[in-house]
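J.: here is my input; please provide its structure:
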Amino acid sequence: MDRKTERVIIIADIEGSSGCWNYRGSSFLTDEWAEACAGMTADIASVVAALFDAGVKDILIKDFHRTGYNLLKERIDPRARVVSGYKRGPVPGLGDPGDSEGLLCIGMHASSGSGGFLAHTLTSRIGKLLVNGKPMSEVALFSASLGGYGMRPLFFSGCPVACGEARDAVRGIDTYPIDKSRGPENFDAAAWRKGLCAAAVTSLENRTTARYVPEGPFDAAVTMRDGAAAADTVARRWHMPCEGDTVFISAADFKELYNALIRICYLTPFIERFLPIGLPVYNLVGRMGLWWVRKKMSVTFT
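T.: A predicted model of the protein is given here:
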């Protein structure tokens, strides 16, 4: 029997966590967001503990919601490395992925236009993203960005729609849904986390999935939620073709596609030029936000 995966990366988001129940729960500096940070942290801490108990040797956690500062590190086993904020590369946002073998995505959401819980792709300003005529979700983007480093996507948790998209994108991936249709008052977080941990541990033995390395070229159609004016602004900014509310991207490989999407979603030419200065400032804002969460929840700042 093949050995279990021993070195993993966890990409953590908040919309599919046990603590986020509405848009304010995903929004910076709201009371609901503070509660969502605590729930997200409890989910990740539980999974980390279960993975270490199962024999995992190395865990790298990337906080990938909004500012990248949502996890309370002091509540997570210190053997796990939590990467907060965003890095320029080599993997955009994540930085250096190291020598991890497997990818686990926890607390995720469905793609823009899918109808899932708080669904979006990278930013809510995108109404729909089609790549070579098919919807592309963040699990596909993240899996592809790490596939070149030898990592196999093993596990995904989010709303049922998001889990369905993960199974469609990555053949054989294990999924564990969170049903938010009945509201937090009817949700047993402890029982759900127990199942989440068991499913994550089981995924360590998943030998069905392969590295997700889609081959180009890629033709992407990015429909802007705010209509033609927003699309025209983005298209002119980055010298991309545009028709109505949709911006078009042609890319020879995945890296080129991903970089173009990042430009559309987060950057302007001015910001990109001064990114070495701006990124630390943005990360400082994230750290201050998490300090506010700790203070609000009477958690000692460390």
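J.: quick one, grab the pLDDT at G89.
T.: The per-residue pLDDT reported for G89 equals 80.
J.: cool, and T300?
T.: The model's pLDDT for T300 equals 41.
J.: now F248
T.: On the pLDDT scale, F248 gets 98.
J.: is it in contact with D219, as I believe?
T.: Yes. With contact defined as CB atoms under 8 Å, F248 reaches D219; the gap is 7.2 Å. C-beta here means a position set from N, CA and C on the backbone, and glycine is covered the same way.
J.: which neighbours do the two share?
T.: Residues touching both F248 and D219 by CB atoms under 8 Å, 6 or more residues apart in numbering: none at all.
J.: so how far is R273 from P153?
T.: 34 Å (CB to CB, to the nearest Å).
J.: I should have written G150 there, sorry.
T.: 33 Å.
J.: what helix or strand is the nearest residue to Y23 once chain neighbours are set aside on?
T.: Nearest residue to Y23, sequence neighbours excluded (CB to CB, 6 or more residues apart in numbering): L118, at 6.3 Å. Assigned by DSSP states H and E, L118 falls within no helix or strand.
J.: so where's the stretch 101-250 of the chain uncertain?
T.: Nowhere does the stretch 101-250 of the chain drop to pLDDT under 70.
J.: can you show me the helices along it?
T.: Here the stretch 101-250 of the chain has its helices, by DSSP state H, counting those that start in this stretch, at 138-147, 160-169, 189-203, 228-238.
J.: could you export the ones you listed as TSV, including distance to L72?
T.: Converted to TSV, the helices of the stretch 101-250 of the chain look like this (distance: least, CB to CB, whole Å):
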stretch	distance to L72
helix 138-147	23
helix 160-169	24
helix 189-203	16
helix 228-238	35
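J.: how about the ones you listed, which one is nearest R287?
T.: helix 138-147 (23.2 Å; CB to CB).
J.: in space, what's closest to I44 - neighbours in sequence excluded?
T.: Closest to I44 by CB to CB, 6+ apart is A12, at 5.3 Å.
J.: thought the one you found was touching I59?
T.: No. Between A12 and I59 there is no contact under CB under 8 Å: 11.3 Å.
J.: quick one, which of those two is more surrounded?
T.: Legend: neighbour count by other CB atoms under 10 Å for A12 and I59, higher for A12 (27 against 23).
J.: state the distance from the more buried one to G158.
T.: From A12 to G158 the distance is 11 Å (CB to CB).
J.: most tightly surrounded among the helices of the stretch 101-250 of the chain?
T.: helix 138-147 (a mean of 24; mean count of other CB atoms under 10 Å).
J.: which elements pack onto that one?
T.: For helix 138-147, the helices and strands in contact under the criterion 3 or more CB pairs under 8 Å, 6 or more residues apart in numbering; DSSP states H and E are strand 102-108, strand 152-158, helix 160-169, helix 254-266.
J.: reformat those as CSV; add distance to G19.
T.: Shown next, in CSV, are the helices and strands packed on helix 138-147 (distance: least, CB to CB, whole Å):
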stretch, distance to G19
strand 102-108, 9
strand 152-158, 13
helix 160-169, 16
helix 254-266, 24
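J.: now the end-to-end length of stretch 54-68.
T.: Using CA to CA, to the nearest Å, one end of stretch 54-68 lies 27 Å from the other.
J.: tell me which residues in it are buried?
T.: For stretch 54-68, the neighbour count (16 or more other CB atoms under 10 Å) marks 54, 56, 58-68 as buried.
J.: what's the average pLDDT for that stretch?
T.: Stretch 54-68 comes out at a mean pLDDT of 96.
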